[in-house]
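Visitor: Provide a 3D model corresponding to the input given below.
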Amino acid sequence: MSLFQTDAWQRAWWETWGEENRLELVRDWAEGRTGIYTSTYRIKGFLPVRSIEFVGSNYRKIRSTRTEYNTFSTAYDTPSLAIAQLKKLMDRRPWAEAIFNDLIAGSDEVTELLALARNKHWLIRVTAEDIAWKIRTDRSFDDYLKSLGRNTRLRLYNRRPVLESIGSISHQNVYENNCDPSEFFRHLNDFHQRRWGKPVYGTRALAFNTAFLKRVVSEGGEPQLLALRCDDQLISVLYNVKYQGCVYNLQSGFDEDFHPKLAVGTLHLGYAIERAFREGGVHSFDMLAGSGKNENYKQRLATENEPLVSLMLVRHPILKLLYRLKDRG
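Guide: Below you'll find the model as predicted:
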């Protein structure tokens, strides 16, 4: 079970975006599976379309925090049983298209879902493909460093003496003692504003993350809002959460102009990765899907990856025709 299928994550998403947009929850999240809802939108403001989607994502109407590793199965289901239950749900309800984002590609669930779609003669479309990048941490950190390329090892670890020569370096988890995370998120947004020209979290996303962090502790999650300072200057932040032996790196922000010879964000990530190696019971550091601004740094650091796929199943005959024409053109 991943962090994204916790009650803390799913409930916070639903309260932030689902209830506000009057989505209809048709199957609750439970014991590791992702919740499912239906909603209606209009193509070109005219043709009403009923969709089925995962709690944690929305294909057309809502921009929200991304939810990965979605699954139809609880911890006790087989993939075939999970898809059979999904079939019953879909047979009972009117819908035109179903969009299931960020499934684990090549999984038995995806195989079963595609078989169901072919049997029902639904149109199958791949709407997105991505890769989640992970680092195994159940060996020594020194061995991990040796496995990296020379330049990657330099940016991640070997330039620490340069950083430490500039001033007094301090590390802090600012979420300790359940503090208010709003100041941390303000700094994270400021770093993103300077680097990308816009904040990473808007008002709703901030409300979502605040609610999620308050709840995840009761499920055994450990928020790690990591701040790196040189003397009194904040130079980098990492938004991590440890859950069931995995540290999830959800966001990061840093001062890219701090020093011309240092990749401060990568150095801070290196400290966090080392921390995961040193902590007992931690087996992986998950950098999730996506890449950096100038290069795919995650690929350089990862020891393994998990391909993700987003699938659209189309049942309505008019939509089938429209999508076929669109995909050809």
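Visitor: now the helices for the chain?
Guide: 7-13, 79-92, 108-120, 141-147, 150-153, 160-166, 182-196, 203-216, 264-278, 297-301, 317-328 (DSSP state H).
Visitor: outline the domain layout of the chain.
Guide: Domain ranges of the chain: 3-130+307-328, 138-282, per automatic domain parsing.
Visitor: first to last residue in the shortest one, what's the distance?
Guide: Meaning domain 138-282. Between the opening and closing residues of domain 138-282 there is a gap of 7 Å (CA to CA, to the nearest Å).
Visitor: please compute how far that domain lies from its chain's middle.
Guide: When distances are taken as CA atoms, centre = their mean, to the nearest Å, domain 138-282 is centred 16 Å away from the chain's centroid.
Visitor: again, but for the first one
Guide: Computed by CA atoms, centre = their mean, the separation of domain 3-130+307-328 from the middle of its chain amounts to 16 Å.
Visitor: I'd like the average pLDDT over that domain.
Guide: Across domain 3-130+307-328, the average pLDDT comes to 95.
Visitor: count the residues that sit near Thr303.
Guide: 15 (other CB atoms under 10 Å). Just so you know, the C-beta spots here come from the backbone N, C-alpha and C atoms, and that holds for glycine as well.
Visitor: verify the contact between it and Arg136 for me.
Guide: Yes: when contacts are counted by CB atoms under 8 Å, Thr303 is listed as touching Arg136 (4.9 Å).
Visitor: contact partners for Leu148?
Guide: Leu156, Arg300, Leu301 (CB atoms under 8 Å, 6 or more residues apart in numbering).
Visitor: can you add pLDDT, distance to Asp180 and neighbour count and give the residues you listed back as a markdown table?
Guide: Shown next, in a markdown table, are the contacts of Leu148 (pLDDT from 0 to 100; distance: CB to CB, whole Å; neighbours: other CB atoms under 10 Å):
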| residue | pLDDT | distance to Asp180 | neighbour count |
| --- | --- | --- | --- |
| Leu156 | 97 | 31 | 24 |
| Arg300 | 95 | 35 | 17 |
| Leu301 | 97 | 31 | 22 |
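Visitor: and which of those residues is nearest to Ala289?
Guide: Of all the contacts of Leu148, Leu301 has the smallest distance to Ala289: 14.0 Å, by CB to CB.
Visitor: now the closest one, nearest residue through space, not along the chain?
Guide: Using CB to CB, 6 or more residues apart in numbering and skipping residues adjacent in sequence, the residue nearest Leu301 is Ile135, 6.3 Å away.
Visitor: from Glu109, how far out is the one you found?
Guide: Relative to Glu109, Ile135 is positioned 25 Å away (CB to CB, to the nearest Å).
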